[in-house]
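J.: What follows is a predicted structure for the sequence shown.
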Amino acid sequence: MTESPHRPTALIVGASRALGLGLATELAHRGWTVIGTVRGAARTGLHDLADRCADRVEVEILDVTEPAQIVELRNRLDGRALDLLFVNAAVTRGNVPAADVPAEVFAEVMVTNALSPMRIIDSLRDLVPPSGTIGVMSSSQGSISLNTVGGQDVYRASKAALNQLMRSHAGRHADDPRTLLLLNPGHVQTDLGGQHAPLTIEDSIPGVVDTITAHHGDGGLHFLDYHNQTVPW
């Protein structure tokens with residue numbers, strides 16, 4: 001009797017719209033089982049995708065800034081094997097010089113974009129097999145060496161912090177064979193990228209998925225763009 005081929009499973013954290021929804025859609029169309037998270041009970045594009053791909057897409061609720069909800073999600077997924085754990089959730093709060101940003105806004109962006117992904121990875125990493133991949137959506141704006149024009153100060157800082165925290169995670173778990181990816185999707189037409197950005201989600205996301213799959217089983221930490229090119233730190 002011939003065994004059925006393995007259908008890989010991905011958990012996409014922050015999949016209600018834009019890049020996260022695009023990633024969930026692309027993976028589902030490539031035959032993956034996709035578990036996507038949304039922040040609240042309101043209907044989203046992920047729900048529509050789940051209706052179209054009922055056998056391949058599941059919807060979970062998660063506010064990434066609530067540690068108790070992360071634990072609850074981990075408990076609900078107990079026993080599942082995640083070939084890919086990918087954290088996409090992020091916020092931006094405007095193009096404001098750092099000195100003009102209220103402390104509570106600075107904290108919100110940092111907690112959402114840098115601290116929360118690490119909490120999620122720490123809580124759910126044991127569901128990822130040794131050959132699996134843990135990824136986060138980074139940005140070229142998180143590259144310190146590429147920052148020659150400024151702008152989006154706090155968002156840039158949060159992505160640079162995320163990159164640094166991922167390097168710390170990689171160093172702390174140097175013997176872990178799982179692949180760690182920081183992905184730069186390019187300048188995409190999203191709320192952050194703006195409607196005049198040169199790339200659409202359809203331009204970017206297939207390359208993001210190609211890059212993820214190209215590094216399956218590689219191990220180590222890689223900062224890459226959607227063309228599978230290394231991004232300078």
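T.: Nice, I can see it. Residues are numbered from 1 along each chain as shown.
J.: Quick one: low-confidence residue ranges for this protein.
T.: Scanning the chain for pLDDT under 70 picks out 1-4.
J.: So which residues of it form helices?
T.: Remark: helices assigned in the chain by DSSP state H are 18-29, 45-52, 67-76, 103-110, 116-124, 153-172, 201-214.
J.: May I have the first one exported as PDB, CA atoms only?
T.: As requested, the backbone C-alpha atoms of helix 18-29 are provided in PDB (Å, rounded to 0.1, in the frame of the first residue of the first chain):
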ATOM      1  CA  ALA A  18      -1.900  41.900   3.800                       C
ATOM      2  CA  LEU A  19       1.400  40.000   3.900                       C
ATOM      3  CA  GLY A  20       0.300  37.400   6.500                       C
ATOM      4  CA  LEU A  21      -2.900  36.600   4.500                       C
ATOM      5  CA  GLY A  22      -0.800  36.500   1.300                       C
ATOM      6  CA  LEU A  23       1.600  34.000   2.900                       C
ATOM      7  CA  ALA A  24      -1.200  31.800   4.200                       C
ATOM      8  CA  THR A  25      -2.900  31.900   0.800                       C
ATOM      9  CA  GLU A  26       0.300  31.000  -1.100                       C
ATOM     10  CA  LEU A  27       1.100  28.100   1.200                       C
ATOM     11  CA  ALA A  28      -2.400  26.700   1.000                       C
ATOM     12  CA  HIS A  29      -2.300  26.900  -2.800                       C
END
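J.: Can you check what angle separates it from helix 45-52?
T.: Orientation of helix 18-29 against helix 45-52 (axes from the mean of the first three to the mean of the last three CA atoms, to 10 degrees) gives an angle of 10 degrees.
J.: now swap in the last one and tell me
T.: Inter-element angle recorded for helix 201-214 and helix 45-52: 70 degrees (by the same axes, to 10 degrees).
J.: Now do helix 201-214: which elements does it pack against?
T.: Applying 3 or more CB pairs under 8 Å, 6 or more residues apart in numbering; DSSP states H and E, we find helix 201-214 packed against helix 18-29, strand 179-184. Where you see a C-beta, it was placed from the backbone N, CA and C, and this is true even at glycine.
J.: who touches the last one?
T.: Residues external to strand 179-184 that are found in contact with it (CB atoms under 8 Å, 6 or more residues apart in numbering): 132-140, 142, 162-163, 166, 169-170, 208, 211-212, 215-226, 231.
J.: Go again with 6 Å.
T.: 133-140, 163, 166, 170, 208, 215, 218-219, 221-223, 225, 231 (CB atoms under 6 Å, 6 or more residues apart in numbering).
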